[in-house]
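In: Next one to model:
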Amino acid sequence: MTKKQIKTKTLPNELADGPAAPKCGTSNEVSMNDKLAPIARQHLDIETLEPRHSDSLDFHEVGVWGVRRALEAAYHAGIASVRDAR
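Out: Numbers count the residues shown, from 1 in each chain. Got it, this is the predicted structure:
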């Protein structure tokens, strides 16, 4: 297949916007945001995870090493939260 012959696939409407977020104000959402925001700031240099409706503020160029560190930090935070819930 040449570059011009690349096929694209359309996502169903329910998947196009990403996974559904928890309802605003739930304790799980607050707790998750409290854990994810510092990870985004520390490892990805992303100031906030809240949408600001501006491409220059909402889209970020991030190296794979930063993504890996952020995913590892989120993984370990998840393990710690399960351990703390017991």
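In: remind me which residues of this structure are low pLDDT?
Out: 1-30 (pLDDT under 70).
In: can you give me the strands for the protein?
Out: For the chain, applying DSSP state E gives no strands.
In: count of neighbours near the residue found closest to residue 73 once you drop the neighbours it is linked to in the chain?
Out: Nearest residue to residue 73 in three dimensions, chain neighbours excluded: residue 39, at 4.6 Å (CB to CB, 6 or more residues apart in numbering). C-beta: built from backbone N, CA, C; applies to glycine. A count of neighbours around residue 39, defined by other CB atoms under 10 Å, yields 19.
In: next one: residue 70
Out: Residue 70 has 19 neighbours, counted by other CB under 10 Å.
In: Correct me if wrong: it contacts residue 38.
Out: No - judged on CB atoms under 8 Å, residue 70 makes no contact with residue 38 at a distance of 10.4 Å.
In: Does the helix ranked longest in the chain pack against any helices or strands, and if so which?
Out: Identified as the longest helix of the chain according to DSSP state H is helix 64-85. Where contact means 3 or more CB pairs under 8 Å, 6 or more residues apart in numbering; DSSP states H and E, helix 64-85 is packed against helix 27-44.
In: Show me what counts as buried in the helix it packs on.
Out: Buried residues in helix 27-44, counted by 16 or more other CB atoms under 10 Å: 32-33, 36, 39-40, 43-44.
In: Among these, which one lies nearest to residue 76?
Out: Among the buried residues of helix 27-44, residue 39 lies closest to residue 76 (CB to CB), at 9.7 Å.
In: measure the closest one to residue 33 for me?
Out: Distance, residue 39 to residue 33, by CB to CB, to the nearest Å: 11 Å.
In: swap in residue 67?
Out: 19 Å.
In: would TSV of the buried residues of helix 27-44 with distance to residue 80 be doable?
Out: As requested, those are arranged in TSV below (distance: CB to CB, whole Å):
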residue	distance to residue 80
32	13
33	16
36	13
39	12
40	17
43	16
44	20
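In: any idea which of the residues you listed is the one closest to residue 63?
Out: Within these, proximity to residue 63 (CB to CB) peaks at residue 44, which comes in at 9.1 Å.
In: Hmm, that closest one is touching residue 67, no?
Out: Yes - here residue 44 reaches residue 67: they are 7.3 Å apart, a contact under CB under 8 Å.
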